[in-house]
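**Student:** Okay, predicted coordinates and the sequence, questions at the end:
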Amino acid sequence: MTRRVNTAMNSSSTEPPQNKGPIVWLDMDQKELDDAYDQTVYAPNQPLVAARRKIASESVLKRFPAERHSYGASEIEKLDIFKTTRPNAPVMVFIHGGAWRNGTAKDFAFQAELYVNADVNLVIVDFAQIQDTGGNLMPMAQQVRSAVAWVYKNAASFGADPHKLYVSGHSSGAHLTGCILVTDWQKDFALPANFIKGGLLVSGMYDLKPVRMSKRSEYVNFTDEIEQSLSSQRHLDKLNAPIIVAYGTAETPEFQRQNRAFAAAVKAAGKPVELIVGEGFNHFEMQETLGNPYGIAGRAALQLMNLSA
């Protein structure tokens, strides 16, 4: 099912280049492909949205202090838990974006008020950035998987119900969330295959082939193994939870295509999926709606958990 949501007032996009070079992907030349994986080209208001997010996160952290826990041995392997007072409440694990090279858990605390008010525990994960892994995405994927496993095993210790665990992510965080959702949990972690009860994927990437061809390869050391292993669209046989996929119509053409194609592939695989389209929203405006119970992504998160604002 596809649902279109039209609540945006303004959006911006960039006109395609006038002088087209050789085609490298679909109907795109190299510059168009590079721009299609650079959201700032299509969202000139990114600094303004980022400033609002920073103010909102700082405000939430003052009112809803987080508990900080380690899920691994390295310094970065920590997570922030925003607890509700309701016992045995659901838990949402959020994986932040930032092109795999920016952002920390505290930058995305703005969402916490939505979840705590809905009697849901929110966990935001910190993990290594690509410049700290020698350009290798594999350690990042392993860290976020380990974090989700830690939450499942330790949920009861902070009042959450491990049998009501959900995952979400935005942008490169949605890419990593996709990897989480197609993990072979029994084989790799000795956990139940279906302990994740649902996933929300906002404005993500699920097939790394065109990403590898873009200028992101300047800082990500893509290999055939990484492309195959971390393209969640190629491993849908391991998907064991219903998902919601969301994107905005003012995002880059490739991000729009990636999300449509992923939702279509999940549907074709016979797995439950809903596609939500935010009319007029760019990439960063979609991120901003994560903290709004009446916004596109915030409402979708509550819907995923069978809750309402």
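**Tutor:** Good, I have the coordinates. Numbering: from 1, shown residues only.

**Student:** alpha carbons only for contacts and neighbour counts from here, please
**Tutor:** OK.

**Student:** Pull the residues that contact the helix or strand harbouring residue 57.
**Tutor:** Assigned by DSSP states H and E, residue 57 falls within helix 46-63. By C-alpha atoms under 8 Å, 6 or more residues apart in numbering, the surrounding residues in contact with helix 46-63 are 40, 106-113, 284-285, 288.

**Student:** repeat that with 7 Å
**Tutor:** When contacts are defined by C-alpha atoms under 7 Å, 6 or more residues apart in numbering, helix 46-63 is touched by residues 40, 106-110, 112-113, 284-285.

**Student:** Then stretch 265-278?
**Tutor:** 1-6, 236, 242-249, 263, 296.

**Student:** How about stretch 107-122?
**Tutor:** Applying C-alpha under 7 Å, 6+ apart, the external contacts of stretch 107-122 come out as 53-54, 56-57, 60-61, 81-84, 86, 89-93, 160, 290-293.

**Student:** Which of the three states applies to residue 246?
**Tutor:** strand (DSSP: H, G, I helix; E, B strand; the rest coil).

**Student:** which residues does it bridge with?
**Tutor:** Note on residue 246: beta-bridge partners by DSSP bridges are residue 202, residue 276.

**Student:** quick one, strands of the chain?
**Tutor:** Taking DSSP state E to define them, one finds strands in the chain at 2-6, 23-25, 28-29, 67-70, 78-82, 89-95, 121-125, 160-170, 196-202, 243-248, 273-279.

**Student:** weakest of these in terms of mean pLDDT?
**Tutor:** Here the strands of the chain differ in mean pLDDT, and the lowest is strand 2-6 at a mean of 77.

**Student:** could you check the angle strand 273-279 makes with that one?
**Tutor:** 20 degrees (axes from the mean of the first three to the mean of the last three C-alpha atoms, to 10 degrees).

**Student:** List the strands paired with strand 2-6, with their directions.
**Tutor:** Paired neighbours of strand 2-6 in the sheet (DSSP bridges): strand 273-279 (parallel).

**Student:** on that earlier part again, any idea of the angle the helix holding residue 57 forms with strand 78-82?
**Tutor:** Using the same axes, to 10 degrees: helix 46-63 against strand 78-82 is 70 degrees.

**Student:** where does the protein have low pLDDT?
**Tutor:** Scanning the chain with the threshold set as pLDDT under 70 gives 7-18.

**Student:** how about the helices of it, start to end?
**Tutor:** 30-36, 39-42, 46-63, 112-117, 138-154, 172-181, 185-189, 209-213, 224-229, 253-268, 283-288, 296-304 (DSSP state H).

**Student:** what's the angle between the last one and strand 243-248?
**Tutor:** Direction vectors for helix 296-304 and strand 243-248, defined by the same axes, to 10 degrees, enclose an angle of 170 degrees.

**Student:** Could you pull out the buried residues of helix 296-304?
**Tutor:** 296-302, 304 (16 or more other C-alpha atoms under 10 Å).

**Student:** How many residues are close by residue 73?
**Tutor:** Residue 73 sits with 8 neighbouring residues when counted by other C-alpha atoms under 10 Å.

**Student:** Look up how far residue 158 lies from it.
**Tutor:** Using C-alpha to C-alpha, to the nearest Å, residue 73 is found at 20 Å from residue 158.
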